[in-house]
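Visitor: sequence plus predicted model, see below.
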Amino acid sequence: MKILVVGGGGREHALVWKLRQSPRVKQIYCAPGNAGISQIAACINVRAEDTQGLLNFAKKEQIDLTVVGPEIPLTNGIVDLFQQEGLKIFGPSKAAAEIEGSKALAKDIMAKYNIPTARYATFEDAEEAREYVKKYGAPCVIKADGLAAGKGVIVAMDDETALAAVDIIMAERAFGKAGDRVVIEEFLQGEEVSILAFVDGETIVPMVASQDHKRVGDQDTGPNTGGMGAYAPAPVYTSELAKLVERDILYPTVKALASEGRTYRGVLYAGLMVTPEGPKVLEFNARFGDPETQPVLSLLETDLVDIMEAIMEDRLAQQSVMWKDEAAVCVVMAAKGYPGEYEKDMAITGFDQVPAGVEVFHAGTTLRQGEVVVSGGRVLGVTATGRDISKAVELAYQGVKAIHFAGAHYRSDIGQRALNRE
């Protein structure tokens, strides 16, 4: 098989790495890829958002399967475009992907079908949003309605921050058109967990539960990021909780989407808060999460190509999906200044010193005159597996300490919540 992976981040590096393990795969291309991906796949100079360019390449190279990593091509309708041309592609349709593309739409579907989530209100007028904040007060969560690379969410613990958040999103247009509308939600207390599930329109096969670390600093301090690390499995997600989530959230959501004419095939990501009243949905994503994909795929035993084909052919119920009885941890190494303006072009060294059992997934890297340099905010996802979280944490940080670039920063407490439960 010839496979095309769309995207150029850590998630896509993990996807390429996993797909390469299939004996059925002969050649993998990645568009646009990165320095790490270029070591195991042929990188092509086509942007992930250039759906027509990707289609032209797939037809010219007779690609057997295209796998879409990022949300923008999905919400732009790349799956519909490829399918109209008779090409196999893994991911949800444009209509189904809108569950991520519009937070307001996702909230409206959850409200209509009684899927547990935070109370909310949606606004297109900044002044009305401010009045709502003044009436109900903080703590609350202000979200840009559209796609904002995981950064369009502001948690406001006081009224001043909440009002400023409305201005940042709607007046200052910090996230561009994504801020045409805002969703204001009640603040939920509890522990977050990420549930990624394989879905073929009807059947759901949840992956091992993972936990992301959104804030830039230790002990969840500082601004939100695209994710500073993740681990799996997450001990907060007990078998009892898993049954509840499948019954009250995953199945009703997939059924609701089908009822709305948005049949869902691909990976559905449910970001949940485990509250004292039970699990509630924080957000849905229409694809593999980043950085959750790195530890989750490290634990997958089954051939990923087989799973993807079963989903596209609506026979997931007949496909066995097996997981390693181990743990995996991903620690993100970020560029100086991230998640704000960050520095680029620093050389990265030490890859040859990384211990066995550690995979270094590249995110924001590029090759310059044969040297790997920083090109993005989240630079590397250093990922290790071990017999338990403790061993995986220890090994991942050994990997982190082996790698060097000027201004590198990372959290030192990835996996700590899991360790506190032991």
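Guide: Structure received. Numbering: from 1, shown residues only.

Visitor: tell me the contacts of residue 75?
Guide: Residue 75 makes contacts with 94, 97-98, 100-101, 147, 286, as judged by Cβ atoms under 8 Å, 6 or more residues apart in numbering. For the C-beta atoms, the positions are set from N, CA and C on the backbone; glycine is no exception.

Visitor: mind redoing it with 7 Å?
Guide: Taking Cβ atoms under 7 Å, 6 or more residues apart in numbering as the contact definition, residue 75 lies against 94, 97-98, 100-101, 147.

Visitor: which of the residues you listed lies closest to residue 282?
Guide: Out of those, the one with the shortest distance to residue 282 is residue 100. That distance is 12.3 Å, counting by Cβ to Cβ.

Visitor: distance of that closest one from residue 141?
Guide: If you measure residue 100 against residue 141 using Cβ to Cβ, to the nearest Å, the figure is 17 Å.

Visitor: mind checking the backbone torsions on residue 250?
Guide: Recorded main-chain torsions at residue 250 are phi -70, psi -50, according to degrees, to the nearest 10.

Visitor: same check on residue 194?
Guide: Dihedral pair for residue 194: phi -110, psi 120, per degrees, to the nearest 10.

Visitor: is it in contact with residue 210, as I believe?
Guide: Yes - Residue 194 sits in contact with residue 210 when judged by Cβ atoms under 7 Å, with a separation of 4.8 Å.

Visitor: before we move on, the earlier item: restricted to buried residues, select the contacts of residue 75 in ChimeraX.
Guide: The following ChimeraX selection, which keeps only the buried ones among those, applies the criterion 16 or more other Cβ atoms under 10 Å:
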select :94,97,98,100,101,147
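
Visitor: which of the contacts of residue 75 lies closest to residue 255?
Guide: Distance ranking of these against residue 255, using Cβ to Cβ, places residue 98 first at 16.6 Å.

Visitor: hang on, that closest one packs against residue 106?
Guide: No - under the criterion of Cβ under 7 Å, residue 98 lies out of contact with residue 106, with a separation of 8.2 Å.

Visitor: now the strands for the stretch 251-400 of the chain?
Guide: 265-275, 278-285, 327-334, 358-362, 365-368, 371-374, 378-386 (DSSP state E, counting those that start in this stretch).

Visitor: re the thing from before, shared neighbours, residue 194 and residue 210?
Guide: When contacts are counted by Cβ under 7 Å, 6+ apart, residue 194 and residue 210 are jointly contacted by residue 292.

Visitor: list the residues that contact residue 109.
Guide: Residue 109 makes contacts with 256, 260, as judged by Cβ under 7 Å, 6+ apart.

Visitor: sorry, wrong one. I was asking about residue 183.
Guide: Counted by Cβ under 7 Å, 6+ apart, residue 183 has contacts 103-104, 107, 120, 122, 143, 145.

Visitor: just residue 251 next, same as before
Guide: residue 204.

Visitor: try it again at 10 Å.
Guide: By Cβ atoms under 10 Å, 6 or more residues apart in numbering, the residues touching residue 251 are 115, 197, 199, 202-204, 245.

Visitor: of those, which one scores lowest on pLDDT?
Guide: Lowest pLDDT within the contacts of residue 251 is found at residue 202 (94).

Visitor: distance-wise, check it relative to residue 323.
Guide: Using Cβ to Cβ, which is the criterion applied here, residue 202 is 22 Å from residue 323.

Visitor: again, but for residue 280
Guide: When Cβ to Cβ is the yardstick, residue 280 and residue 323 sit 26 Å from each other.

Visitor: out of the contacts of residue 75, which is nearest to residue 315?
Guide: residue 97 (22.0 Å).

Visitor: check which helix or strand covers residue 57.
Guide: Assignment of secondary structure by DSSP states H and E places residue 57 within helix 51-60.

Visitor: what sits up against that helix?
Guide: Residues outside helix 51-60 that contact it (Cβ under 10 Å, 6+ apart): 2, 4, 6, 29, 31, 44-48, 50, 63-66, 68, 72-74, 76-82, 84-89.
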